[in-house]
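Undergrad: Got a predicted structure here, sequence first:
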Amino acid sequence: MKVIAMIPARLQASRFPKKLLKDLCGTTVITRTYQAAINTGLFDEVYVVTDSQEIKTEIESNNGKVILSIQKHECGSDRIAEAADMVLGDIIINVQGDEPFTKKEPLLDLINVFKNDIHGEIAVASLVHSITNWEDIENPNNVKVVLDNNHCAMYFSRAIVPYPRDKTIDTNYYKHIGIYAFRRYALLNFPKMKMFQNEATEKLEGIRFLEHGMKMKMVETPFKVIGIDTPDDLEKAKKILQNE
């Protein structure tokens, strides 16, 4: 089973433009993310997939592999689907470009989902955290996922799901972590699948797989994902590195 990591890397970001090229203790954010993926030792190949010549030059100057997007894309899955058509791999993992502290253990858990799926039923796997703080549960920036009894996704939402009409029940809430692992066919089919109302309303790409009948296994992980979405996040990341 050949396992590939692809790191979608869009240059512009509404909250923090060119954040992937910002300096993080002597190395850019995107290069640190690329190196973190390499250092896990889990992947046969690691690629940065970008719309930016600047990012391409940055990665290549650090001996990295880059695929330059040709088309415009709405989301990271679309971007890496275009690139995946050019690369052979059985399992393709989408590693977020703004997460320079990527860890081996949760990625290995995702790979093991497919190794243990002897009947090939799982099309996509992803990660969740358990959340208990009500402020986190209410926050629409924290995407919630409802799981079935086999820990497969039933629905993603920015709203509070399941809704706690009966407050005497000790309900589990899960926050989705946007690291996806795909069987090759699932990723290649993603851009061809129609976007329906629920995905368009919530702006959550995971809903598309569910609405087209694909099974998504969700893996609970204790590891906290540290993403860089704002200048404040970058400063926090610098402090983490300085204290290591």
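TA: Here it is on my side, so go on.
Undergrad: Helices of the protein, residue ranges please.
TA: 29-39, 53-61, 76-84, 104-115, 134-138, 184-189, 197-202, 206-211, 231-242 (DSSP state H).
Undergrad: Could you tell me the least trusted of those?
TA: Among the helices of the chain, helix 76-84 carries the lowest mean pLDDT, at a mean of 86.
Undergrad: so who does the most centrally placed residue in the chain touch?
TA: With distances taken as CA atoms, centre = their mean, the residue of the chain nearest its centroid is Ile179 (2.4 Å). Contacts for Ile179 were tallied using CB atoms under 8 Å, 6 or more residues apart in numbering; they are Ile93, Asn94, Val95, Gln96, Glu99, Pro106, Leu107, Leu110, Ser126, Leu127, Val225. Glycine gets a C-beta too; all of them are placed from N, C-alpha and C.
Undergrad: returning to that earlier point: what's the closest of the helices of the chain to Pro8?
TA: Nearest of the helices of the chain to Pro8, taken as CB to CB: helix 76-84 at 3.7 Å.
Undergrad: Quick one: list the elements packing against that closest one.
TA: strand 3-9, strand 45-50, strand 91-94, strand 173-183, helix 184-189 (3 or more CB pairs under 8 Å, 6 or more residues apart in numbering; DSSP states H and E).
Undergrad: and the residue lying farthest from the centre of the chain, how far is that from Val146?
TA: Distance from the C-alpha centroid of the chain peaks at Thr168, with 33.9 Å (CA atoms, centre = their mean). Distance of Thr168 to Val146, given as CB to CB, to the nearest Å: 19 Å.
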